[in-house]
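Undergrad: predicted coordinates and the sequence they were generated for:
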Amino acid sequence: MELTPIMDPEALNRFLETDFPQLHKDGKVFEVMAVGPGTVTMRLMPNDRHLRPGGTISGPTLFSLADVGAWCAVLAHIGPVALAVTTNLNINFLRKPAPGPLSCTCRLLKLGKRLAVVDASIFDADGEDLVAHATATYSIPPR
């Protein structure tokens, strides 16, 4: 499946700021870093509200990173459709991530007219340790 993106990182980041401003309410922590055929890479720069006792990034923060990253992968390939919504997201927490930047690499597994399925892998700051893995399904509204 060869997929050609129609939005680049700058367009996706602009869309997040204008149509989803609550994402950056406490400062800009999510940023689309790269877009390629069928892929998006997003970075999370966590702050104190993303940490939990024990010196780790919280599970809800990892879930959010997977969801936003996967949603951006869909939007990068269908355009700025704010009403494309998550219908399912399954996540496995694999390692305790230390406080610090994380990256999420998302890959479209299926992009249909009504549904998209995305694989999301979250890595620690050095990109070596997989800390969480998710699969997500999005409903795409009719055009």
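TA: Sure, I can see it.
Undergrad: what are the pairing partners of the lowest-mean-pLDDT helix or strand in the chain, and which direction each?
TA: Lowest by mean pLDDT, DSSP states H and E among the helices and strands of the chain is strand 51-52, with a mean of 86. Here strand 51-52 has these sheet partners by DSSP bridges: strand 56-57 (antiparallel).
Undergrad: got the contact list for Asn47?
TA: By CB atoms under 8 Å, 6 or more residues apart in numbering, the contact set of Asn47 is 26-27, 29. Every residue, glycine included, has its C-beta placed from N, CA and C.
Undergrad: and of those residues, the nearest to Phe93?
TA: Val29 (19.2 Å; CB to CB).
Undergrad: quick check: mean pLDDT of the host helix or strand of Trp71?
TA: In the assignment (DSSP states H and E), Trp71 maps to helix 59-78. For helix 59-78, the mean pLDDT works out to 97.
Undergrad: which other helices and strands does it contact?
TA: helix 9-19, strand 30-36, strand 39-44, strand 85-93, strand 102-111, strand 115-123, strand 130-139 (3 or more CB pairs under 8 Å, 6 or more residues apart in numbering; DSSP states H and E).
Undergrad: buried residues, that helix. List them.
TA: Residues 61-78 are the ones in helix 59-78 that count as buried (16 or more other CB atoms under 10 Å).
Undergrad: where does this structure have low pLDDT?
TA: Counting by pLDDT under 70, the chain has low-confidence residues at 1.
Undergrad: who's in contact with the residue nearest the centre of the chain?
TA: Centroid check for the chain by CA atoms, centre = their mean gives Gly69 as the closest residue, at 1.1 Å. Contact analysis of Gly69 by CB under 8 Å, 6+ apart lists 40-42, 104-106, 120.
Undergrad: go again with 7 Å.
TA: If you count contacts by CB atoms under 7 Å, 6 or more residues apart in numbering, Gly69 has them with 40, 42, 104, 106, 120.
Undergrad: likewise for Cys72?
TA: 12, 32, 40, 42.
Undergrad: compare these and tell me which is most surrounded.
TA: The most crowded member of those, judged by other CB atoms under 10 Å, is Val40 (30 neighbours).
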